[in-house]
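Colleague: okay, structure incoming, though there's no sequence with it:
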């Protein structure tokens, strides 16, 4: 063994012995009934405190989110959107008497999801401006067949995270008599 290995071994042995050595805690109750604790005995008024042995529980990393109690579960991101679909209009819905308006709705986003994403509607192949609302109304929709799709767009990157199914709906107008 060379000199470096001997010094390293000696250091490891000395730190191991220090780690096993228990620290003493001293306490003192003053004339006002306040108890003071310290690791060093400043005067004879302090006596060694009789404290229970500490139990140490290892901490979990702060960046893991889980809604289960099993240790082998995958972490869950609270901003993740598990299912993204159009709630309104429904597939092949006939819209009558709306005055040429259609409302497109998706499930409400949670606060964490709203912080990260916006909803963008594609109406008849034309992307509309992304919006914070889960329900958007469009006017001046002509009579006939239309298609709508919703996109979940990341705020910072403007990348599409999820797409809904394409929904076909039919706009009808009442005839004037």
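Modeller: Arrived safely, thanks for sending. These figures come from a predicted structure and were not determined experimentally. Numbering: from 1, shown residues only.

Colleague: low-confidence stretches in the chain?
Modeller: 1-22, 54, 60-79, 174-177 (pLDDT under 70).

Colleague: quick one, strands of it?
Modeller: 26-29, 35-38, 47-48, 93-95, 102-105, 117-123, 126-127, 135-138, 144-154, 160-163, 167-171 (DSSP state E).

Colleague: the third one packs against which elements?
Modeller: In other words, strand 47-48. strand 26-29 (3 or more Cβ pairs under 8 Å, 6 or more residues apart in numbering; DSSP states H and E). Using the backbone N, CA and C atoms, a C-beta is placed for each residue, glycine as well.

Colleague: in the strand it packs on, what counts as buried?
Modeller: Buried residues in strand 26-29, counted by 16 or more other Cβ atoms under 10 Å: 26, 28.

Colleague: and it, what does it pack against?
Modeller: Using 3+ Cβ pairs under 8 Å, 6+ apart, strand 26-29 sits against strand 35-38, strand 47-48.

Colleague: the longest one pairs with which strands, parallel or anti?
Modeller: Based on DSSP bridges, the strands next to strand 35-38 in the sheet, each with its direction, are strand 26-29 (antiparallel).

Colleague: residues contacting residue 102?
Modeller: Residues counted as contacts of residue 102 (Cβ atoms under 8 Å, 6 or more residues apart in numbering) are 89, 95, 137, 138, 141, 146, 148, 169, 171.

Colleague: quick one, which of those residues are buried?
Modeller: 89, 95, 138, 141, 146, 148, 169, 171.

Colleague: on that earlier part again, adding mean neighbour count and distance to residue 110, write the helices and strands packed on strand 26-29 out as JSON lines.
Modeller: Converted to JSON lines, those look like this (neighbours: other Cβ atoms under 10 Å; distance: least, Cβ to Cβ, whole Å):
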{"stretch": "strand 35-38", "mean neighbour count": "11", "distance to residue 110": "44"}
{"stretch": "strand 47-48", "mean neighbour count": "10", "distance to residue 110": "53"}
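
Colleague: just tell me which of those ends up closest to residue 100.
Modeller: Nearest of the helices and strands packed on strand 26-29 to residue 100, taken as Cβ to Cβ: strand 35-38 at 76.0 Å.

Colleague: number of residues surrounding residue 103?
Modeller: For residue 103, the neighbour count with other Cβ atoms under 10 Å is 13.

Colleague: what sits opposite it in the beta ladder?
Modeller: Per DSSP bridges, the residues bridged to residue 103 are residue 137.

Colleague: would you map out the domains in this protein?
Modeller: Following automatic domain parsing, the chain resolves into domains at 25-51, 93-171.
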